[in-house]
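S.K.: Give the three-dimensional model of this entry:
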Amino acid sequence: MSKLFLPSSPHLAHTECSALWPDPEMVLRKLTIKPRMSVVDLCCGSGLFTDALANVQTGQVFALDKDREMLTLARARVGNVVTWFEADMRALARYLPRKVDVVLLTDSFHAIPNQTTLAKHVREVLTLGGLFIVVDWHVATPGETRVQGKPCGPRKDMRLTPVQLSKIVEPSGLELIQITELPPYHYGAIFQKTTK
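M.R.: I've put the predicted structure just below:
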């Protein structure tokens, strides 16, 4: 069973992640992440999206995870073109040297305690107009979401609809500006910092 099901770690295993996301660079384009943006891959896991960010970004890329094993895998995959932090995501502001254009959080939001508080921490590190992009699972029974022939994803009671996600994040002062479908199992919710 994937680590994704365990409360202590929301990460997909490396091979499952690659099978689930065969073209992460295309996903980044759909999520409106553009070259020259500074981006944080929050809860970066094994670095699949970190690698894609490093390939398409000419702006600075930061990656943060508190799981040392995952960071080791990510570093091996991506190398030193990214600035790495082994830290709790709530401590983000302490580690970043400046505000960033985008914070990307993939396949993890559903498992994070105190989600609105996390969104407030993210807002603190965003530039005015900056984006908090949350990619997560559509509500479905886990048996309906399969990777490499096996049921995958969080329990049904952990999954959030885009409306539920918005109600959690918007009290932090971030405004939902777009929902992007990421078939077959995901959506991306794009929130923007519209005021100082």
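
S.K.: And the top strand by length along the chain, what's buried?
M.R.: Determined from DSSP state E, the single longest strand within the chain is strand 126-137. Residues of strand 126-137 classed as buried by neighbour count (16 or more other C-beta atoms under 10 Å): 126, 130-137. From N, CA and C alone the C-beta is placed, and that goes for glycine too.

S.K.: Beyond it, next helix or strand please.
M.R.: Following strand 126-137 in sequence order, the next helix or strand is strand 146-147 (DSSP states H and E).

S.K.: other SSEs contacting that following strand?
M.R.: Contacts defined by 3 or more C-beta pairs under 8 Å, 6 or more residues apart in numbering; DSSP states H and E place strand 146-147 against helix 14-20.

S.K.: Identify the residue nearest the spatially most central residue of the chain in space, chain neighbours excluded?
M.R.: Geometric centre of the chain, nearest residue: Leu105, 1.4 Å, by C-alpha atoms, centre = their mean. What sits nearest to Leu105 in space, not counting adjacent residues and going by C-beta to C-beta, 6 or more residues apart in numbering, is Leu42, at 4.6 Å.

S.K.: Next, that neighbour: phi, psi?
M.R.: phi -90, psi 130 (degrees, to the nearest 10).

S.K.: So what's the residue count around it?
M.R.: When counting by other C-beta atoms under 10 Å, one arrives at 27 neighbours for Leu42.

S.K.: Hmm, it is touching Arg90, no?
M.R.: No: with contact defined as C-beta atoms under 8 Å, Leu42 does not count as touching Arg90 (10.4 Å).

S.K.: So for Ala13, what's the pLDDT?
M.R.: Looking at Ala13, its pLDDT reads 55.

S.K.: Break down the chain into its helices, ranges please.
M.R.: In the chain, the helices defined using DSSP state H lie at 14-20, 24-30, 48-56, 68-78, 92-95, 115-125, 162-169.

S.K.: give the contact list for the residue nearest to the centre of the chain.
M.R.: Listed by C-beta atoms under 8 Å, 6 or more residues apart in numbering, the contact partners of Leu105 are 42-43, 122, 132-135.

S.K.: Repeat that for Lys196.
M.R.: Under the criterion of C-beta under 8 Å, 6+ apart, the neighbours of Lys196 are Leu128.

S.K.: what does Val82 give?
M.R.: 41, 50, 53-54, 61-63.

S.K.: hmm, 6 Å instead?
M.R.: Residues counted as contacts of Val82 (C-beta atoms under 6 Å, 6 or more residues apart in numbering) are 50, 54, 61, 63.

S.K.: Rebuild the buried residues of strand 126-137 as CSV, extending it with distance to Ala189 and pLDDT.
M.R.: Listed next are the buried residues of strand 126-137 as CSV, based on distance: C-beta to C-beta, whole Å; pLDDT from 0 to 100:
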residue, distance to Ala189, pLDDT
Leu126, 15, 98
Gly130, 15, 98
Leu131, 10, 98
Phe132, 9, 98
Ile133, 7, 98
Val134, 5, 98
Val135, 8, 97
Asp136, 8, 95
Trp137, 12, 92
